[in-house]
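Enquirer: give me a 3D structure for the following:
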Amino acid sequence: MLSIRRSISLIAAICAMVALALTSSAQGKFPVTSPLSGLYLPKEGTPKHEGSWDRSGGNADMRGVAPNETLTLLDYKGAGIIRRFWVTIAPRSEKNIHRQAIIRMYWDDEKTPSVEVPVGDFFGVGFGEQKDYISMPLNETSGGYNCYWPMPFHKSARWTLTNMSKVRIDAFYYNIDFTALKGLARNTRHFHAQWRRENPTTRGKNYTILEATGDGHYVGTALFMQGRKKGSLGFLEGDEMVYIDGEDKPSIIGTGTEDYFSSGWYYDRGPYSAPYHGVIIKDEENSRISTYRWHIEDSMPFHKSIKFTIEHGNENDTAADYSSVAYWYQSEPHAAFPEFPTDPAKLLPYVAPPPMQLNNAIEGESLIPFVKASSGSVSAQDLSGHDGEWSKNKQLFWQPAATDATLTIAVPAPVGGQYNVTAYLTRASDYGKIFILLNGKQIGNEIDLYAKDVEPSGPISLGKLDVLAGNNTVTIKVSGRNANSNGFYVGIDAIVMEPVK
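Expert: Here you go, the predicted structure:
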């Protein structure tokens, strides 16, 4: 005779087998293994559609959006799940529209949006560009922008598009397909997407992609990075660092930016798109990367908070323009988003300024063929990553290793006489102290070239000097270094000589 405990266990096992048999029967004895394999099963709800179709019955199936105008895309009362969002835009490939037309989505009568992102960035492509690519939740294909992130709501859904640009959107076509339902489980989480930007990134501090509180799970990152220095992708040395539920130290630390995005070697094989990850833009000339990773198979649960950050370069030593979209689901209420820019210009992609050029200047780098160093190498250094603060974005860079090293330069003057002479030098954490001599005579006081960060010295007046016609010998002598400096280096941007009238 079976014991009561064994009888209960047997009954439970039989019930489980019956349930499995019923399920297999309902599915035709084949398990649901892909979206296609379960298509024949009954579906709940009522299909609904909202879009820009012509309500008059004509063919004007678009909406125009004037500058500073807000268009309501969806305003639905009831429960449901958004299944598909499609858009196409004219004028096409207009960068200002992609970056300055803002999508906002509100769920269940909330006062602040759960989605607040420029339209181009929302669909996964940065810098105001339109580039075809294919991934599972987002893609752009032959003029169409598609979103398949499921977006549930319990009571209502309201979407708007605000045109912050000075360009009229002549045609905004859109379709929103969703399923209306009688209700959703109470613990069903809302979709969120948040845009952030830091231009330039902060030296010594990680860039923050998302900082959220509540109960949820992180599902995706689109990151758009542009270095200040053309032709350099050094910012990709940065590692992701993720803090879960209030951690003091990150429990998730990566091995490099392109590694996090499931690629390698600075994306050396060029742009590609895959279901869960890809690089859509790799523009080495302008140091731009637009890349994505969707955490569909590996979502990141959090129960109190999440802080998702990434370095910009090794130890955050590379200044760059970073912007991003974080995608996640969470229960409401969500934490306040960072204040969205009110100045439309702050949304546009970074454009490097033209190089500054000093008038009547003898460029430091042009003197390299005419210099002699007692020790240390001399080279032309590219400073284009510093927003045009150096004349022609270059300098003469001398790397002596000790006090009393000298650099002798033959500096030409078209005619002899008195000149007002101004030096433009560089300061940095590994630069020394110097004296300057003209034709063997010291001019001016000792100059301390130390600074915490790399920066131009600004004009340093050397006074009115008697200059010989032809070459004059300028000698730079290292006199020591600041107590905070870790080197004796010297940088010469330019020397300006103006005849005294």
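Enquirer: tell me the contacts of Lys372?
Expert: Leu407, Thr408 (Cβ atoms under 8 Å, 6 or more residues apart in numbering). Just so you know, the C-beta spots here come from the backbone N, C-alpha and C atoms, and that holds for glycine as well.
Enquirer: again, 10 Å this time
Expert: Each residue near Lys372 by Cβ atoms under 10 Å, 6 or more residues apart in numbering is listed here: Val378, Thr406, Leu407, Thr408, Ile409, Ala410, Thr475.
Enquirer: just Lys249 next, same as before
Expert: Met241, Tyr243.
Enquirer: please renumber the chain so that the first residue is 28 from this point on.
Expert: OK, 28 is where the count begins now, so the last one is Lys276.
Enquirer: quick one: end-to-end distance for stretch 333-341.
Expert: End-to-end distance for stretch 333-341: 23 Å, by Cα to Cα, to the nearest Å.
Enquirer: typed the wrong thing, it's stretch 372-384
Expert: Using Cα to Cα, the end-to-end distance of stretch 372-384 comes to 26 Å.
Enquirer: circling back to that earlier point, min pLDDT across the contacts of Lys399, which one?
Expert: Lowest pLDDT within the contacts of Lys399 is found at Ala437 (89).
Enquirer: which SS state does that one fall under?
Expert: State at Ala437, reduced to three classes by DSSP: H, G, I helix; E, B strand; the rest coil: strand.
Enquirer: ok, now how distant is Tyr245 from Arg320?
Expert: Counting by Cβ to Cβ, to the nearest Å, the separation of Tyr245 from Arg320 is 11 Å.
Enquirer: quick one on the thing from earlier: can you say which of the contacts of Lys399 are buried?
Expert: Val405, Thr433, Leu434, Ile436, Thr502 (16 or more other Cβ atoms under 10 Å).
Enquirer: so of those, which ones are in strands?
Expert: Val405, Thr433, Leu434, Ile436, Thr502 (DSSP state E).
Enquirer: need these in a markdown table (columns: distance to Glu416).
Expert: Output for those, formatted as a markdown table (distance: Cβ to Cβ, whole Å):
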| residue | distance to Glu416 |
| --- | --- |
| Val405 | 22 |
| Thr433 | 27 |
| Leu434 | 23 |
| Ile436 | 23 |
| Thr502 | 26 |
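Enquirer: now for these: which two are most distant?
Expert: Farthest-apart pair in these is Val405 and Thr502; separation 13.9 Å (Cβ to Cβ).
Enquirer: list the residues that contact both of the two?
Expert: Both Val405 and Thr502 are contacted by Lys399, Leu434, Ile436, under the criterion Cβ under 10 Å, 6+ apart.
Enquirer: look up the closest residue to the second one, ignoring the ones flanking it.
Expert: It stands for Leu434. Nearest residue to Leu434, sequence neighbours excluded (Cβ to Cβ, 6 or more residues apart in numbering): Ile503, at 4.5 Å.
Enquirer: surely Trp321 touches Ser300?
Expert: No - in this structure Trp321 lies outside contact range of Ser300 using Cβ atoms under 10 Å: 11.2 Å.
Enquirer: these two: which has the busier surroundings?
Expert: Higher neighbour count among Trp321 and Ser300: Trp321, with 24 against 18, using other Cβ atoms under 10 Å.
Enquirer: mind jotting down where the helices sit in the protein?
Expert: 31-53, 122-127, 146-149, 284-287 (DSSP state H).
Enquirer: least reliable of those helices going by mean pLDDT?
Expert: Lowest mean pLDDT of the helices of the chain: helix 31-53, a mean of 43.
Enquirer: ok, Ser393 touching Asp520?
Expert: No - in terms of Cβ under 10 Å, Ser393 does not count as a neighbour of Asp520; the distance is 11.3 Å.
Enquirer: identify the contacts common to those two.
Expert: In contact with both Ser393 and Asp520: Lys419, Lys421, Leu423, using Cβ under 10 Å, 6+ apart.
Enquirer: make a markdown table out of these and add distance to Lys331 and neighbour count.
Expert: Formatted as a markdown table, these follow (distance: Cβ to Cβ, whole Å; neighbours: other Cβ atoms under 10 Å):
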| residue | distance to Lys331 | neighbour count |
| --- | --- | --- |
| Lys419 | 52 | 20 |
| Lys421 | 50 | 19 |
| Leu423 | 54 | 26 |
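Enquirer: quick check, nearest of these to Phe329?
Expert: Taking Cβ to Cβ as the measure, Phe329 sits nearest to Lys421 out of the shared contacts of Ser393 and Asp520, at 47.5 Å.
Enquirer: could you pull up the contacting residues of the closest one?
Expert: If a contact means Cβ under 10 Å, 6+ apart, then Lys421 has Pro382, Glu390, Gly391, Glu392, Ser393, Ala407, Gln408, Asp409, Leu410, Ser411, Asp520, Ala521 as its contacts.
Enquirer: picking up where we left off before, look at Tyr245 and Arg320 and report which has more neighbours.
Expert: The neighbour count for Tyr245 versus Arg320, taken as other Cβ under 10 Å, is higher for Tyr245 (24 against 21).
Enquirer: check what pLDDT the more buried one gets.
Expert: Looking at Tyr245, the pLDDT reads 98.
Enquirer: gap between the residue lying closest to Pro427 once chain neighbours are set aside and Val481?
Expert: Spatial nearest neighbour of Pro427, excluding adjacent residues (Cβ to Cβ, 6+ apart): Gly403 at 3.7 Å. In this view, Gly403 and Val481 are 18 Å apart by Cβ to Cβ.
Enquirer: do you have the strands of the stretch 28-177 of the chain handy? List them.
Expert: Along the stretch 28-177 of the chain, counting by DSSP state E, counting those that start in this stretch, strands occupy 73-78, 90-92, 97-104, 106-117, 128-134, 142-145, 160-161, 165-168, 171-174.
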